[in-house]
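K.L.:
Make a model of this:
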Amino acid sequence: MTESPLLNAPPSAPPRTYEVAIVGAGYVGVPLARAFADAGRAALLVDVVEEVVHGLNCGRSHIEDIPSDVLRRHVEAGRIAATTDYDLLRDTDAILITLPTPLSKQREPDLSIVQAAVEEIAKRLRPGHLVVLESTTYPGTTREVVLPILQRSGLVVGLDFYLAYSPERVDPGNSRWTTRNVPKIVGGITEACTARAAALYAGAIEQVHTVSSPEAAELAKLLENIFRSVNIALVNELAQLCDRMGIDVWEVIDAAATKPFGFMRFEPGPGLGGHCIPVDPFYLTWKAREYDFYTEFIELAGKVNENMPYYCRSLISQALNHTRQRSLKGSRVLIVGVAYKRDIGDIRESPALKLIQLLRRAGAEVSYHDPHVPSLPEYGLQSVELDPDRYDCVAIVTDHSAIDYRNLVERAQLVVDFRNATGKAGHRSDKVWKL
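P.N.:
Have a look, this model is predicted:
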């Protein structure tokens with residue numbers, strides 16, 4: 001096969017103009033570029049990390065949900081390219097912002113990454129441009145933060161350029177629901193802005209749902225994740241109560257889930273992970289204080305969920321003490337699964353990382369096994385072979401589907417299962433402790 005010139009292209013010099021520019025080549029930006037490319041629309045990814053940009057231009061995907069062969073096909077066809085050069089935004093029709101919005105140590109929104117990007121966009125803004133913010137944030141960000149920066153260009157929103165908010169709805173590792181078939185919410189500063197953004201997404205995404213304002217769209221995204229956070233907190237609290245009452249919480253959930261109406265299944269676990277659920281609710285609690293309103297229900301859910309790694313450490317300690325007459329200090333503990341969810345390699349906000357810290361602080365010798373996460377440089381750890389019999393305790397934190405849990409139970413001296421991964425085999429074994 002003849003090698004495409006794109007594969008050797010400089011990281012900041014895509015060979016053509018693009019209809020859509022996506023600022024941020026991460027978990028949201030790359031799948032979004034693929035959705036547009038699949039629809040025959042040319043997409044340009046803009047990122048500040050040259051290594052990422054060069055890899056994308058060579059057809060190498062750093063996002064698990066986007067196979068490199070799929071990316072390479074679009075790169076070779078000229079439908080996807082990447083750059084570090086913001087000047088190329090001038091030649092695109094639409095600019096979509098898919099950058100992280102973390103929390104500060106004080107749990108306040110940190111919009112500095114988004115603001116810096118918008119400043120760069122404003123310098124290149126021209127008549128006819130559409131700008132859409134996709135980053136999760138608090139209600140009012142698009143109107144109160146993004147719009148004033150863009151207006152410094154002298155252009156008028158709704159007439160000269162268009163601005164909207166459309167929240168990302170990416171679920172890493174979910175092959176059924178992708179960027180293309182998950183409905184897209186769109187809310188613009190003006191009706192013309194909404195119409196322009198909706199028309200853009202309709203060319204690549206199956207269903208577009210418009211709302212009356214960017215604030216409504218921003219809050220809709222937060223509601224989705226707050227709903228999950230609150231319900232997970234409920235079953236996490238129930239799991240702790242069931243432990244005291246001697247009732248199997250998994251049996252209770254299975255029984256309740258047989259009801260065909262009025263019940264939605266949520267499961268307890270070692271804590272929340274990923275960028276969304278552990279973070280998003282606090283955007284709203286912060287913004288609510290501006291209106292002298294305190295979101296006590298949301299904050300209580302956050303408190304319960306944040307406490308779960310501490311509870312799990314205590315459960316490991318109890319299991320070692322009662323089953324093997326050992327203290328946590330000096331015990332060899334194997335963590336199975338450090339990604340924040342099953343069958344992916346994403347460790348953002350993973351409760352496993354907090355649990356590793358807590359176990360080490362208590363004097364345990366901690367190792368981990370995860371087929372999706374080869375190393376944890378910040379912890380000086382690498383994934384080890386799955387040899388359960390070498391450890392005093394095996395703690396199942398993330399239930400990757402490739403692991404033979406029946407074999408794990410047979411070989412291990414002690415198992416603490418936070419995900420019910422051992423199922424019936426765990427119920428029948430005296431050496432398995434469950435959340």
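K.L.:
phi, psi of Gln357?
P.N.:
phi -60, psi -50 (degrees, to the nearest 10).
K.L.:
how much space between it and Gly24?
P.N.:
29 Å (CB to CB, to the nearest Å). No exception for glycine: its C-beta is placed from N, CA and C like everyone else's.
K.L.:
So those two - more neighbours on which side?
P.N.:
Gly24 (24 against 14; other CB atoms under 10 Å).
K.L.:
per-residue pLDDT, that one?
P.N.:
With respect to pLDDT, Gly24 has a value of 97.
K.L.:
again, but for Ala425
P.N.:
On pLDDT, Ala425 comes in at 63.
K.L.:
May I see the buried residues of stretch 403-416?
P.N.:
Neighbour-count burial for stretch 403-416, counted by 16 or more other CB atoms under 10 Å, picks out Ile403, Tyr405, Leu408, Val409, Ala412, Gln413, Leu414, Val415, Val416.
K.L.:
what separates it from the chain centre, distance-wise?
P.N.:
29 Å (CA atoms, centre = their mean, to the nearest Å).
K.L.:
picking that back up, of the buried residues of stretch 403-416, which belong to helices?
P.N.:
Using DSSP state H, Tyr405, Leu408, Val409 are the members of the buried residues of stretch 403-416 that sit in helices.
K.L.:
now these as JSON lines including distance to Trp250?
P.N.:
Shown next, in JSON lines, are those (distance: CB to CB, whole Å):
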{"residue": "Tyr405", "distance to Trp250": "14"}
{"residue": "Leu408", "distance to Trp250": "17"}
{"residue": "Val409", "distance to Trp250": "15"}
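K.L.:
from those, which is closest to Ala364?
P.N.:
Taking CB to CB as the measure, Ala364 sits nearest to Leu408 out of these, at 19.0 Å.
K.L.:
Low-confidence stretches in the stretch 1-150 of the chain?
P.N.:
Across the stretch 1-150 of the chain, the ranges flagged by pLDDT under 70 are 1-16.
K.L.:
what ranges do the strands span in it?
P.N.:
For the stretch 1-150 of the chain, the strands defined by DSSP state E, counting those that start in this stretch cover 20-23, 43-46, 80-83, 94-97, 130-133.
K.L.:
Between the ones you listed, which one is closest to Leu284.
P.N.:
Evaluated with CB to CB, these place strand 130-133 nearest to Leu284, the distance being 16.6 Å.
K.L.:
got a list of contacts for that closest one?
P.N.:
93-97, 114, 121, 125, 141-142, 146, 150, 161-166, 186, 193, 196-197, 200, 214 (CB atoms under 8 Å, 6 or more residues apart in numbering).
K.L.:
from the residues you listed, which would you call buried?
P.N.:
93-97, 114, 121, 125, 141-142, 146, 150, 161-166, 186, 193, 196-197, 200, 214.
K.L.:
Helices - which of these land there?
P.N.:
Per DSSP H, the buried ones among the contacts of strand 130-133 map to helices at Val114, Ile121, Thr141, Leu150, Cys193, Arg196, Ala197, Leu200, Pro214.
K.L.:
Closest one of these to Gly302?
P.N.:
Thr141 (20.4 Å).
K.L.:
And the closest one, how far from Ser317?
P.N.:
According to CB to CB, Thr141 and Ser317 sit 43 Å apart.
K.L.:
same thing with Pro374?
P.N.:
As judged by CB to CB, Pro374 and Ser317 stand 29 Å apart.
K.L.:
more neighbours, the two?
P.N.:
Ser317 (21 against 9).
K.L.:
Would you check that the more buried one makes contact with Ala362?
P.N.:
Yes: counting by CB atoms under 8 Å, Ser317 touches Ala362, with 7.2 Å between them.
K.L.:
list residues touching both of the two?
P.N.:
Residues within reach of Ser317 and of Ala362 at once, by CB under 8 Å, 6+ apart, are Leu328.
K.L.:
show me where the stretch 251-400 of the chain has strands.
P.N.:
332-336, 365-369, 375-376, 381-382, 393-396.
K.L.:
Packed most tightly, which of the ones you listed would that be?
P.N.:
strand 393-396 (a mean of 28; mean count of other CB atoms under 10 Å).
K.L.:
if we can go back for a sec, same list, the strands of the stretch 1-150 of the chain, but as JSON lines with distance to Ser350 please.
P.N.:
Converted to JSON lines, those look like this (distance: least, CB to CB, whole Å):
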{"stretch": "strand 20-23", "distance to Ser350": "26"}
{"stretch": "strand 43-46", "distance to Ser350": "26"}
{"stretch": "strand 80-83", "distance to Ser350": "27"}
{"stretch": "strand 94-97", "distance to Ser350": "26"}
{"stretch": "strand 130-133", "distance to Ser350": "27"}
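K.L.:
Out of those, the one nearest Arg228 is which?
P.N.:
strand 130-133 (22.2 Å).
K.L.:
what separates that closest one from the chain centre, distance-wise?
P.N.:
21 Å.
K.L.:
got it, and stretch 142-156?
P.N.:
Centroid displacement of stretch 142-156 relative to its chain, using CA atoms, centre = their mean, is 28 Å.
K.L.:
Repeat that for stretch 333-345.
P.N.:
Relative to the chain's own centre, stretch 333-345 is displaced by 15 Å; criterion: CA atoms, centre = their mean.
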